[in-house]
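Engineer: got a predicted structure here, sequence first:
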Amino acid sequence: MFETIKNAWKIKEIRIKILITLGLILMFRIGAFIPVAGINVEAFAQQFGAGAENLSFLNIMNSIVGGALSNGTIFAMGIGPYINASIIMQLLTVGIPRLERLQKEGEEGRKKIAQLTRYLTIVLAIVQALGILLGYKGLVDTSIFNGKVEWLLYIFIILQFAAGTTLTMWIGERITEYGVGNGISLLIFAGILATAGLSIQREIQNIIAGGAQASTSAFSLIIFLVIVIVIFALIVWVDLAERKIPVQYAKQVKGRKMYGGQSTHIPIRINASGVLPLIFAYAILSFPSLIVGMFNISGGFANWISINLVPGGWLYTILVSLLILFFAFFYAQIQFNPEDISKNIQQYGGFIPGIRPGRPTTDYLKKISNRITLFGAIFLAAIALVPSLVLGLALPQGSSLISAVSTTGLLIIVSVALEFDKQLESQIMMKHYKGFLD
């Protein structure tokens, strides 16, 4: 990867794209330190800071935006509403025929869907900001109006959060258009690295300061780095793994020429759905707690949720695992359709060796897809739960490294890094081909 970056830096056009990307990411990080007018920064830090449970959905979102949520800044919502809007539009495209037709219309249809996604992003940002402000008390500094017309202050704060989300979305799209790679992914990547970097910086400062905590901090940092490297290696190994199903095309004689006869394969990735099942599982399990806090619900139901639906509980662990399995299979069904692939293979005179065309090919592809998806879902469930437990047992109680980066964040970091490397390689190759054609 470092060799790819070195080669890309030598090409002027790609070097300009890299600099544009870095400049826009810097703009994003600056916005993560500009506080919203009218909020209580200390209350935000207490609710969403490093001391809270790092497996909760809001703290995962806080790590994605680089701590902007715990600081109560204009980028507190970050790119989260845009991600949710994109997922919702993908699901609606499958279920609503009009949106499905738009998607098949080419570039114009995709532009209309992208515009609808932007509008939905703003709506979700407003709803999410309202839910956080109402669900967690003390976040708004009502002393500004001396207790009068508080609703006006709430509207003003929500508009600031929505404007920050809109600006974040604009930065991501500009990176995609003028920079390198997917801008949304790179913003998430930068936010997670910033969160982890701050925790590592605190441990290094403790080591430099000396005293009783120096040896403990040094031990914690070494253990943390070893565990993270092992997790990185495991994620890369599974993320790049795929099952290649061989396909043979029969020879066809048309006129005096012979066509076909070549062999190819169908790649099926083990972790094709990426980190989406994790995000959806955490979002659903955090929803009851948000509802209880938003409407001030008390009593037996609220107490049951606060006891059972919390990270670390046995019921929470079981539900997270089941939801990850469900969403992994759900996205596998959307992304990989065995019937369509079987029809395409048969239409062009192809067949899988040892499998008859038609229905047997469909059943074979479905069986292979289900087995691979099951392995990928089990891996996601394990990577979501086991590393956090290991960090909690291996590191001293209260160490900031425990909440430095979630396993969801580690998955995102690896996926985005691999994607960025592929983008640079493809642009270098395009530049070489362009020079050859000229």
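Structural biologist: That came through, no problem. Numbers count the residues shown, from 1 in each chain.
Engineer: where do the strands sit along the stretch 151-300 of the chain?
Structural biologist: Assigned by DSSP state E, counting those that start in this stretch, the strands in the stretch 151-300 of the chain fall at 242-249, 252-254, 257-259, 263-269.
Engineer: so what strands line up beside the longest one?
Structural biologist: Here the strand partners of strand 242-249, with direction, are listed using DSSP bridges: strand 263-269 (antiparallel), strand 350-351 (antiparallel).
Engineer: what does that strand contact?
Structural biologist: 260-270, 345, 348-353, 365, 368, 372 (Cβ atoms under 8 Å, 6 or more residues apart in numbering). For glycine as for every other residue, the C-beta is placed from the backbone atoms N, C-alpha and C.
Engineer: repeat that with 7 Å
Structural biologist: Applying Cβ atoms under 7 Å, 6 or more residues apart in numbering, the contact partners of strand 242-249 are 260-270, 345, 348-353, 368, 372.
Engineer: how close does V36 get to S70?
Structural biologist: Distance, V36 to S70, using Cβ to Cβ, to the nearest Å: 13 Å.
Engineer: could I get the strands of the stretch 151-300 of the chain as JSON lines with mean pLDDT?
Structural biologist: Listed next are those as JSON lines, based on pLDDT from 0 to 100:
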{"stretch": "strand 242-249", "mean pLDDT": "85"}
{"stretch": "strand 252-254", "mean pLDDT": "64"}
{"stretch": "strand 257-259", "mean pLDDT": "64"}
{"stretch": "strand 263-269", "mean pLDDT": "83"}
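Engineer: rounded mean pLDDT for the helix ranked longest in the chain, please.
Structural biologist: Longest helix of the chain, by residue count under DSSP state H: helix 359-394. Mean pLDDT, computed over helix 359-394, is 81.
Engineer: which other helices and strands does that helix contact?
Structural biologist: helix 212-239, strand 242-249, strand 263-269, helix 276-294, helix 314-335, helix 338-347, helix 407-437 (3 or more Cβ pairs under 7 Å, 6 or more residues apart in numbering; DSSP states H and E).
Engineer: deepest-packed of these, please.
Structural biologist: helix 276-294 (a mean of 19; mean count of other Cβ atoms under 10 Å).
Engineer: buried residues in the helix or strand following that helix, which are they?
Structural biologist: Remark: after helix 276-294, the chain's next helix or strand is helix 300-308, criterion DSSP states H and E. For helix 300-308, a neighbour-count test (16 or more other Cβ atoms under 10 Å) marks 302, 305 as buried.
Engineer: just the CA atoms of helix 300-308, as PDB, please.
Structural biologist: Provided in PDB are the C-alpha atoms of helix 300-308 (Å, rounded to 0.1, in the frame of the first residue of the first chain):
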ATOM      1  CA  GLY A 300     -41.000  -1.800  35.200                       C
ATOM      2  CA  PHE A 301     -40.600  -1.700  31.400                       C
ATOM      3  CA  ALA A 302     -38.000   1.100  31.600                       C
ATOM      4  CA  ASN A 303     -36.100  -0.700  34.400                       C
ATOM      5  CA  TRP A 304     -36.100  -4.000  32.500                       C
ATOM      6  CA  ILE A 305     -34.600  -2.200  29.400                       C
ATOM      7  CA  SER A 306     -31.900  -0.500  31.600                       C
ATOM      8  CA  ILE A 307     -31.000  -3.800  33.100                       C
ATOM      9  CA  ASN A 308     -31.200  -6.200  30.200                       C
END
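Engineer: got the angle between the longest helix of the chain and strand 263-269?
Structural biologist: Angle between the axes of helix 359-394 and strand 263-269 is 40 degrees (criterion: axes from the mean of the first three to the mean of the last three Cα atoms, to 10 degrees).
Engineer: which of the residues in helix 359-394 are buried?
Structural biologist: Applying 16+ other Cβ under 10 Å to helix 359-394 flags 361-362, 364-366, 368-369, 372-373, 375-377, 379-381, 383-385, 387-388, 391, 394 as buried.
Engineer: show residues contacting stretch 155-172.
Structural biologist: Residues contacting stretch 155-172 (Cβ under 7 Å, 6+ apart): 24, 27-28, 31, 36-39, 74-79, 81-82, 118, 121-122, 125-126, 129-130, 133, 140, 183-184, 187.
Engineer: for the residue nearest to S321 when sequence neighbours are not counted, what are its contacts?
Structural biologist: Among residues not flanking S321 along the chain, A381 sits closest, at 4.4 Å (Cβ to Cβ, 6 or more residues apart in numbering). By Cβ under 7 Å, 6+ apart, the contact list for A381 reads 321, 324-325.
Engineer: in a strand, N71, correct?
Structural biologist: No: under DSSP: H, G, I helix; E, B strand; the rest coil, N71 sits outside any strand and is assigned coil.
Engineer: now do the contacts for it.
Structural biologist: 32-33, 35, 41, 44.
Engineer: just send those residues back as a markdown table, with neighbour count too.
Structural biologist: Shown next, in a markdown table, are these (neighbours: other Cβ atoms under 10 Å):
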| residue | neighbour count |
| --- | --- |
| A32 | 22 |
| F33 | 13 |
| P35 | 15 |
| V41 | 15 |
| F44 | 24 |
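Engineer: which one of these sits closest to I341?
Structural biologist: A32 (43.3 Å; Cβ to Cβ).
Engineer: my guess is Q346 contacts R359, does it?
Structural biologist: No: using Cβ atoms under 7 Å, Q346 is not in contact with R359; the gap is 10.3 Å.
Engineer: okay if I get the strands paired with strand 242-249 as TSV plus distance to F219?
Structural biologist: As requested, the strands paired with strand 242-249 are exported to TSV (distance: least, Cβ to Cβ, whole Å):
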stretch	distance to F219
strand 263-269	38
strand 350-351	58
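Engineer: returning to what we had before: list the residues that contact both of V36 and S70?
Structural biologist: With Cβ under 7 Å, 6+ apart, V36 and S70 have no common neighbours.
Engineer: surely G66 is within a helix?
Structural biologist: No: counting by three-state DSSP, G66 is not part of a helix but coil.
Engineer: and it, what's its pLDDT?
Structural biologist: On the pLDDT scale, G66 gets 76.
Engineer: and it, how far from F28?
Structural biologist: From G66 to F28 the distance is 8 Å (Cβ to Cβ).
Engineer: got any residues that touch both of those two?
Structural biologist: Contact with both G66 and F28 is made by residues A190, according to Cβ under 7 Å, 6+ apart.
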